[in-house]
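Asker: What follows is a predicted protein model with its sequence.
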Amino acid sequence: MVVRAFFDDCAIPGNLIGALDAYAAAECVWENTGLPTATGIDEVKGLMQGFIDGYNLQAIIVELLGIAVSGDQVLTERIDHLDDESGNRIASLPVAGTLEVRGGKIVAWRDYFDPRPLLPEG
């Protein structure tokens, strides 16, 4: 399954952009709660690069709690564990998401989560 393979590739340190190259379609749209929508693979990779640069993010280890497939829609309930280049945990975020897959590529990725664990304390 494309979504599981994508998540597996995101867990490889330093491979977040590579996972997008392998599994996201050129027209992919990525929506995250409270963030601007990234449209097209270049914007999607730019948003991911922003997370890499801003948080020293190197891997997303997805703990899949539930998955359901209906046609080209893949619904997930998961905990995304965000790790830096030293393998230290930056945050663990409960996420509900929907990914749309067509022709073996992700064409839409929508995640719904509470971003407060990523905000500076204060």
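Answerer: Happy to help now that I have it. These figures come from a predicted structure and were not determined experimentally. Numbering: from 1, shown residues only.
Asker: Trp109 touches Trp30, doesn't it?
Answerer: Yes. The pair Trp109 and Trp30 passes the contact test of Cβ atoms under 8 Å, sitting 4.7 Å apart. To be clear about C-beta, it is placed using only N, CA and C from the backbone, and glycine gets the same treatment.
Asker: which residues are common contacts for the two?
Answerer: Val44 (Cβ atoms under 8 Å, 6 or more residues apart in numbering).
Asker: is it true that Glu43 lies in a helix?
Answerer: Yes. The assignment for Glu43 is a helix, going by DSSP: H, G, I helix; E, B strand; the rest coil.
Asker: The closest residue in space to it that isn't next to it in sequence sits in which helix or strand?
Answerer: Of all residues not flanking Glu43 in the chain, Trp30 sits nearest, at 7.8 Å (Cβ to Cβ, 6 or more residues apart in numbering). Trp30 is part of strand 24-32, with elements assigned from DSSP states H and E.
Asker: For that strand, which strands pair with it and how are they oriented?
Answerer: strand 38-39 (antiparallel), strand 105-113 (parallel) (DSSP bridges).
Asker: can you list the ones you listed in a markdown table and add mean pLDDT, mean neighbour count and distance to Asp21?
Answerer: As requested, these are exported to a markdown table (pLDDT from 0 to 100; neighbours: other Cβ atoms under 10 Å; distance: least, Cβ to Cβ, whole Å):
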| stretch | mean pLDDT | mean neighbour count | distance to Asp21 |
| --- | --- | --- | --- |
| strand 38-39 | 98 | 16 | 15 |
| strand 105-113 | 97 | 18 | 11 |
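Asker: JSON lines for those, including distance to Gly54?
Answerer: Converted to JSON lines, the strands paired with strand 24-32 look like this (distance: least, Cβ to Cβ, whole Å):
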{"stretch": "strand 38-39", "distance to Gly54": "15"}
{"stretch": "strand 105-113", "distance to Gly54": "16"}
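Asker: Out of these, which is closest to Glu63?
Answerer: Among the strands paired with strand 24-32, strand 105-113 comes nearest to Glu63, with 13.4 Å by Cβ to Cβ.
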